Structures are given as C-alpha cells and as structure tokens.
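1. sequence and predicted model, in that order:
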Amino acid sequence: MQEYGRHTRGPRGREEVYNFRHSSLRNIIERCFGLVKMRFAIFKQMPPYHFDTQVLIVIACCTLHNFIRSQGESDEIFDCETLESSQNELDVDDIVEVVSATNTQMRQMDIYRDRIANLIWEDCNH
C-alpha cells in the first residue's frame, strides 16, 4: 500500500486495483482482530481446545466485543492513543493455519478471485 501514497500514481490495471483493495481490506481485518485480541486475554495464548471449541470462543468474543461497542459511549480499547501505543498488534502468523487444497479447489479459488477482480475493475471504470 505504501507504493500508492499521496505523491504517487494510484493503482492502474485490474491486478493493481484488486491488490490495492485486497491489501486495504486485509489491514482493516487485521486491525479488527488486533482490537479483539487486546480486549480478550484468551487470545494471547489460546488454550489447546478442540478446533471447533476455539471457533466458538472467537465467535463469542467477537459478539461480546460488538455488544460492548454498541452499548458504551467511551471505550478505552478504541482510544486512539491507546491503540497507537499498543504493543499488542496482531501477528497474522499467530492465527493463520496452513490449509491444503486440491488442484481443483485452487483453480476454483483462482476463478473466484478473478471474478472479484473483474467486478472491481468494472466498478472503477464506470
């Protein structure tokens, strides 16, 4: 994303626009997970629960986080100074699980990604 700063040209071409938007969304998602991770200590080191249980813990914590956000006028987790100075940034490697996919599944994902890229490109050009 740094290559598209204020003083440079914006993304050009279907792939660049897709990559720029994908990177922007990834940053937002990482920041959201970072906020939830800061709020709930269980994410600092997830106990060795079964994967299905871990999924339910994540859903429960996100639900609680959203409830807290909807009810509170002031939230220290969302204080910009707290957020900026926090050393609890999300390390994506902590949550990424290697998933193996078949060649057919990989082709399907490529097709789906290309459809999204085409839709984004069409939207930019209308």
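-> Received, thanks.

2. what residues sit buried inside the longest helix along the chain?
-> The helix that spans the most residues within the chain, counting by DSSP state H, is helix 13-39. For helix 13-39, the neighbour count (16 or more other C-beta atoms under 10 Å) marks 14, 16-21, 33-39 as buried. For every residue, glycine as well, the C-beta is placed using N, CA and C.

3. and it, what does it pack against?
-> helix 51-71, helix 103-124 (3 or more C-beta pairs under 8 Å, 6 or more residues apart in numbering; DSSP states H and E).

4. counting contacts, what elements does the first one pack onto?
-> Pointing back at helix 51-71 there. Going by 3+ C-beta pairs under 8 Å, 6+ apart, helix 51-71 lies up against helix 13-39.

5. can you give the distance of the helix it packs on from its chain's centre?
-> 5 Å (C-alpha atoms, centre = their mean, to the nearest Å).

6. what's the angle between it and helix 103-124?
-> With axes from the mean of the first three to the mean of the last three C-alpha atoms, to 10 degrees applied, the angle from helix 13-39 to helix 103-124 works out at 100 degrees.

7. avg pLDDT for helix 13-39?
-> Taken as a whole, helix 13-39 carries a mean pLDDT of 87.

8. quick check: angle from it to helix 51-71?
-> Using the same axes, to 10 degrees: helix 13-39 against helix 51-71 is 90 degrees.

9. check contacts around the residue nearest in space to the middle of the chain.
-> For the chain, the residue nearest the mean C-alpha position is residue 29 (2.1 Å; C-alpha atoms, centre = their mean). Applying C-beta atoms under 8 Å, 6 or more residues apart in numbering to residue 29 gives no contacts.

10. against residue 66, how distant is it?
-> Applying C-beta to C-beta, to the nearest Å, the value for residue 29 to residue 66 is 15 Å.

11. okay, now the unreliable bits of this structure?
-> Where the chain drops to pLDDT under 70, the residues are 1-9, 73-100.

12. recalculate using a threshold of 50.
-> 1, 7, 80-81, 83-90, 92, 94-96 (pLDDT under 50).

13. on that earlier part again, redo the helices and strands packed on helix 13-39 as a markdown table? Include distance to residue 43.
-> As requested, the helices and strands packed on helix 13-39 are exported to a markdown table (distance: least, C-beta to C-beta, whole Å):
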| stretch | distance to residue 43 |
| --- | --- |
| helix 51-71 | 7 |
| helix 103-124 | 27 |
